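>>> output the structure for:
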Amino acid sequence: MTSIVVGAGVMGLATAWHLARAGEAVTLLERGPIPNPSAASWDNHRLIRALYPNSPGYTRMAMDAYAAWDEVWDAAGVRHYENCGSVAFSRAEGDWADGCRAPLDALGAAYELLPPEELARRFPFLIPDGIRWGLFTAEGGVLFADRILTTLAELCRAAGVTLRPDAPVRSVVTEAGTVTLASGEELRADSVVVTAGAWAAGLVPELASRLTAYRQLVVYLDPPAEHEAAWAAAPGIVDCGFPDDHWAIPPVGGTRLKIGLGAWKREADPEADPAPAAGEAEAFRERYRPVLRDLDRYRILEARACRYIFTADRSFILEQRGRAWLVSPCSGHGFKFGALIGRAVADGVLGRRGAAELTSWAAGHLPAGHLAAEGDRG
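The predicted structure is shown next:
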């Protein structure tokens, strides 16, 4: 059996690897180099956490993702992950962090509620004013994204995947299982998996009304000397309780401190140059004024623009159309699921799991029987 995978981000690489391990003849197409620094998957790091407000399905998926990554580490003989934990801060009843508690309780996952005085002790760089408590999970932390992509590409080569960099795709015919490259070359396979991120809607017209491409920014900072040790020991900060949707990744594993704002995004053509504008990084950092002490002493090292694709409800798409599988697990929170989604898509292609079940699962619907018994709750 033959498969073509369109897009060599984390989902495409993981899918190709799992298919090749099962004996499929796999060709992996990428519009640029492999790995591609312009892809949404590429960056120094990404957060992995089982914190999803009011969503037992995605909470369960995140918990399962750790084991899927362990499978990658075992095969590669290297672990691109820092288990430093995750924390979210609650400022009001029913807010983002508060909404994460019920799914964790239902699934029997352990967590701590850290009072403000404990937060001030652990995180002296933080302004704790207005925080009711911090929700801390010991499992979770930082995935080193660029290292992971390089390792997955190596695993793909070792498994026999044909990697074709600099092979942009012009169109995909889902029913026929054909892929036409920008060069005019036409390829055909028993199955085609489209994991093209921000470019997916342009390749498969039926996705255009459901996917919106956005441009976002991340900023790397050098913290003040007196906060360096605390940041180096910090967990991943998932939510600070403000509407700007602040998040931060600590400088672990030889990386730099990175801050983000979920609200700092705009619709954008994925082909457009997303380079940061003059003064944009400074304005971005200013939005952290209510979060970080000594903000003016955080030196900006780099600002990087990213391309992401979102669905209206931030859920994932995983659907079969004819000979094609359409895969868009992004919406700003997809990288952590890369190994898990790749394995699941391969199972679908190979007939091990049904398409309808995978579509429901990827959309965040929890399968029956996945809640913990009352006595099993941590």
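>>> buried set for stretch 315-334?
315-321, 323-334 (16 or more other Cβ atoms under 10 Å). Where you see a C-beta, it was placed from the backbone N, CA and C, and this is true even at glycine.
>>> how about stretch 247-262?
By neighbour count on 16+ other Cβ under 10 Å, the buried set for stretch 247-262 is 247-253, 255-261.
>>> which ones among the buried residues of stretch 315-334 map onto helices?
Within the buried residues of stretch 315-334, no residue falls in helices by DSSP state H.
>>> the helices in this protein, which residues?
When secondary structure is read from DSSP H, the chain shows helices at 10-21, 56-76, 96-99, 101-106, 116-122, 145-159, 200-203, 228-232, 280-286, 338-349, 355-362.
>>> what's the most distant pair in the buried residues of stretch 247-262?
Maximum pairwise distance among those (Cβ to Cβ): 23.2 Å, between Gly253 and Leu261.
>>> strands of the stretch 251-378 of the chain, start to end?
257-267, 299-310, 317-321, 324-328 (DSSP state E, counting those that start in this stretch).
>>> out of the ones you listed, which is closest to Arg289?
Among the strands of the stretch 251-378 of the chain, the nearest to Arg289 by Cβ to Cβ is strand 257-267 (12.1 Å).
>>> packing partners for the closest one?
Where contact means 3 or more Cβ pairs under 8 Å, 6 or more residues apart in numbering; DSSP states H and E, strand 257-267 is packed against strand 212-222, strand 246-249, helix 280-286.
>>> quick one: least confident helix or strand in the protein?
Between all helices and strands in the chain, the lowest mean by mean pLDDT, DSSP states H and E belongs to helix 200-203, at a mean of 90.
>>> quick one on the thing from earlier: could you dump the strands of the stretch 251-378 of the chain to TSV with mean pLDDT and distance to Ala159?
Formatted as TSV, those follow (pLDDT from 0 to 100; distance: least, Cβ to Cβ, whole Å):
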stretch	mean pLDDT	distance to Ala159
strand 257-267	96	32
strand 299-310	93	27
strand 317-321	96	22
strand 324-328	95	19
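>>> possible to save the ones you listed as TSV with distance to Ser191?
Formatted as TSV, the strands of the stretch 251-378 of the chain follow (distance: least, Cβ to Cβ, whole Å):
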stretch	distance to Ser191
strand 257-267	32
strand 299-310	22
strand 317-321	9
strand 324-328	7
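>>> any idea which of these gets closest to Arg157?
Once those are compared by Cβ to Cβ, strand 324-328 is nearest, at 21.5 Å.
>>> sheet partners, orientation included, of that closest one?
When sheet partners are counted by DSSP bridges, strand 324-328 sits next to strand 191-194 (parallel), strand 317-321 (antiparallel).
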